[in-house]
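[1] using only what follows, build the 3D model:
(2 chains)
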Amino acid sequence: MTEVLLSLKGLTKAYPGVVANDTVSFDIGTGEVHALLGENGAGKSTLVKMIYGLVKPDSGEMTLRGAPFAPSEPRQARADGIAMVFQHFSLFDALNVAENIALGMENPPAMRDLAAKIREVSEAYGLPLDPYRTVGDLSAGERQRVEIIRCLLQDPKLLIMDEPTSVLTPQEVEILFQTLEKLRAEGTSILYISHKLEEIRTLCDHATILRLGKNVGECIPAETSASEMAELMVGAALTPPKRGKRDFGDVAMDISGLSVPSPSAFGTALRNVHLTVRQGEILGIGGVAGNGQDELLSVLSGEVLTEPDAVKLGQEPIGQLGPVARRALGVLAAPEERLGHAAAPDMSLTENAMLTGATREGLVKNGFLKWTAAKDFAQRVIKEFDVRTPGPENAARSLSGGNLQKFVIGREVLQRPEVLVVNQPTWGVDASAAAAIRQSLLDLAAGGAAVICISQDLDELMEISDSFAALNEGRLSAPRPAEGLTVEEIGLMMGGAHGMEVAHV
Amino acid sequence: MIRLEKRPQPSRAWSLATPLVAVLATMVAGGMLFALLGKDPVEAIRTIFWEPLFGEFAFYYRPQLLVKGAPLVLIAIGLSLGFKAGIWNIGAEGQYIIGALVGAGIGLAFYPLEAWYVFPLMVIGGAFGGWLWAMIPAYLKTRFGTNEILVSLMLVYVAEQFLASMSLGLLRNPEGHGFPGSRNFNSYDSATSWINESAGMHWGVVAALIAVIFAYVLLNRHMTGYHIRLTGEAPRAAKFAGVNPARLVLFCLGTSGMLAGLAGLFEVAGPSGQVSIDFNVGYGFTAIIVAFLGRLHPVGILLAGGLMALTYIGGDIAQSNLQLPSAAIQVFQGMLLFFLLAFDLLTNFRISLGKPEVA
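    So this is what the prediction gives:
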């Protein structure tokens, strides 16, 4: 390793009830791509927030090029040459690229000079971008470029990237990596946060692995196998879900020629969607976020009504039926947004069990609610899906994201669905819980139910799907058997590089 | 530095304690206000809270508590259902007037027939009138997406014009020597809502108690009540659960209008006695305060209605005995709501002392 740029020594940060970082130490060398690897909740975000001056450590110290470094606010960190690209972009849709960048600057130069500078930087790093385009018209990959260029204009010594590939298609990832390679060649260090092991193996020189806030190991990714890194990350050997051989039955759900206008100004219209899923089949639907996933789930769950014939359960048209009637027929759904959509945050788990369980679990009689039965049902979900909570009387929002997700999925799976639609079933869930959720979906399909799994996690979809389709701007590609699909083919189904120019490095 | 931290779960203890703490804080701050006005604060607070219940003339004031409290509770119960679901009926005063007019109209049409069915028909008419008046904002909201706050509020002023026109015209007492106002129901035995006038008991008190029980069962044991709570807490989850928002708007506005209409009918056929230009005295608006003071909980509303009636009667006594200005009494009542909302914060947040931190 070359000389050390940033050195962390014994950084500790505790929040009420949880130690987010426990004496974490490691060094980042100059011109090094350093991976920070860990599951959700391992403390990655807290750690980079301390480096970026958003959070103050309880104890421990940092040194930057040998000098003590304790930024009290992001402005100070930026002045010392540290820049960060967040997972969620902070851009205004209605403004153009140059205006957005000017907003983030202390002393923005005249717009014309800034535009020229943006052009210069973007070309130098192979990130072609027109400074006068409106951000609202850009794809996710192009928006990320805006954020990266915003950072590069500061001429950073250390660039922090938080899960940069989660919104990109495989082709767009390729372009991003070329840019990062160029930055490294110029001597810029990169701290790269991810839990995608293959990416880290291709890109990073060095990796630090966090588990439960502690540094549990370092490795050279290129010389370490993905499964070794996964074991370090999870702390135990993972058993990948088992899929038995299944025979598909009759068509369980059939959607033909479905078009739905966008429900809001920021939604996506569904355009001429066709899909069929058979009994015992898992259909995986991939795609970059915001391409119609939420809208598709609403149409399937009955929250958005359509022409009766557009959605069919077997032969029966159900497009005109609301959520309650569909549940009675066995069409169940688990939306992506846990708090506020799948569950009411301030209501207890018992009350949340009532939310979708009322019809199929017989929790209601002549309009009157059977709370004892609802409590039993909630308890059954908690037990069978290993939801960590003191009991069903606790509010949904007091559960961690992963535990609430287990509750939400378990609540639907235990109602013996004929067709189950899930959106992002393992989002923000730790690896062992994610494996359990995937296994439960596989078991459900083995029992003869049809499962439609909408997800942005391609690894997950490849692990469990029998057939695969992708959503792109509200259009669904024709489903293909999942077995034998290559990453390139999947990327093209997701819309390829969305017309982005390839970097000319 | 003082900071607010969100609690992981709403605190049950604080949720029960806030009304009491708010009443105490009102006593302290109100006492200071009265002291600044040059009155003895202890005497003033005692007059407001003690005199009506246990003072020398309590035999007269206690029935008044029932008379003033019943319409407040009846209306507030109805409003609380909508408020819980985020449906804001601000026009209970108008529904109260129309309920009274329809019910009184039916009674006057039967005059002077003495029959057992006159009063029940008036009750049905009162409920129908209030329901109908609330259906106007409900229909406009579900059909055209209008704002129910504005429509229901404006309909109050329309109802007031109706009231004036009726007491001067159609419903005016033909034997009243040209004075505005209808015949007096207190001298029409089949149409009076009094059960025992000297005890302050009328059918409105009974109806208020029934409404409290009805609302409690609805909210805790029935699907409709569950849907109401769900819609208020998480509208998207309610849609996912299968709640039909339009039907809920019709139900909540309809029920609150019906109960307000009933309150108006019981008032006109009892304590007020007749339809007159100044028949409405603001119960419909005060009930909004009562609903929140009672934390939108049926039992809470029952207690809050009693407390509100107490401050009204106590305030009147303080005005006449201690020459406190009526504005001071109104400020005092306003403080109560203000403190309640302020302390309410502690249900969901806790105060922590320490350095701020950007998370």
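[2] is whichever residue of the stretch 51-200 of chain A sits closest to chain B in a helix, a strand, or coil?
    Closest to chain B within the stretch 51-200 of chain A is A:L54: 5.4 Å, counting by Cβ to the nearest Cβ. In this view, the C-beta of every residue, glycine as well, is placed from N, C-alpha and C. Classification of A:L54 using DSSP: H, G, I helix; E, B strand; the rest coil returns coil.
[3] my read: it touches A:P74, true?
    Yes - using Cβ atoms under 8 Å, A:L54 makes contact with A:P74 at a distance of 6.1 Å.
[4] so where's the chain shaky on pLDDT?
    Assuming you mean chain A. For chain A, applying pLDDT under 70 flags the ranges A:1-2, A:17, A:236-241, A:244, A:264-266, A:496-505.
[5] hmm, no, I was thinking of chain B.
    In chain B (pLDDT under 70), the answer is B:1, B:354-359.
[6] what parts of it come near chain A?
    B:8-10, B:221-224, B:226, B:229-230, B:233-234, B:236-242, B:244, B:357-359 (Cβ under 8 Å from any Cβ of the partner chain).
[7] now list the buried members of the residues you listed.
    B:222-224, B:226, B:229-230, B:233-234, B:236-242 (16 or more other Cβ atoms under 10 Å in any protein chain shown).
[8] for A:G136, which non-adjacent residue is closest in space?
    Once flanking residues are discounted, A:G136 sits nearest to A:D93: 3.7 Å by Cβ to Cβ, 6 or more residues apart in numbering or on different chains.
[9] what is the neighbour count of the residue lying closest to B:L293 once chain neighbours are set aside?
    When the adjacent residues along the chain are set aside, B:L293 lies closest to B:A304, with 3.8 Å between them (Cβ to Cβ, 6+ apart). B:A304: 26 surrounding residues under other Cβ atoms under 10 Å in any protein chain shown.
[10] and B:A304, helix, strand or coil?
    helix.
[11] from A:V251, how far off is it?
    B:A304 is 58 Å from A:V251, where distance means Cβ to Cβ, to the nearest Å.
[12] return the backbone torsion pair for the residue of chain A most remote from its centre.
    Most distant from the centre of chain A: A:N366, at 41.7 Å, with distances by Cα atoms, centre = their mean. Taking degrees, to the nearest 10, you get phi 50, psi 40 for the backbone angles of A:N366.
[13] same thing with A:G428?
    phi 70, psi 20.
[14] wait, it touches A:E39, no?
    No - the pair A:G428 and A:E39 fails to qualify as a contact (Cβ under 8 Å) at a distance of 9.9 Å.
[15] these two: which is more packed in?
    The neighbour comparison of A:G428 against A:E39 (other Cβ under 10 Å) goes to A:E39, with 24 against 16.
[16] and that one, which of the three is it?
    Strictly by three-state DSSP, A:E39 counts as coil.
[17] assess the claim that it and A:G235 are in contact.
    No - counting by Cβ under 8 Å, A:E39 stays clear of A:G235, with 9.2 Å between them.
[18] shared neighbours of these two, anything?
    A:R211 (Cβ atoms under 8 Å, 6 or more residues apart in numbering or on different chains).
[19] all strands for the stretch 301-450 of chain A, in order.
    If DSSP state E, counting those that start in this stretch is used as the criterion, the strands of the stretch 301-450 of chain A fall at A:311-313, A:316-317, A:331-334, A:364-365, A:368-369, A:419-423, A:450-454.
[20] what distance do you get for the residue of the stretch 401-505 of chain A found nearest chain B to A:Q424?
    Nearest residue of the stretch 401-505 of chain A to chain B, counting by Cβ to the nearest Cβ: A:V408, 10.7 Å away. Per Cβ to Cβ, A:V408 is found 11 Å from A:Q424.
[21] ok, these two, which is more surrounded?
    A:V408 (29 against 23).
[22] how far does stretch B:86-104 sit from its chain's centre?
    11 Å (Cα atoms, centre = their mean, to the nearest Å).
[23] so what's the residue count around B:T142?
    18.
[24] and the closest residue in space to it that isn't next to it in sequence, how many neighbours?
    The spatially closest residue to B:T142, leaving aside those adjacent along the chain, is B:A246, at 4.2 Å (Cβ to Cβ, 6+ apart). By the criterion of other Cβ under 10 Å, B:A246 has 13 neighbours.
[25] cool, thanks, talk later.
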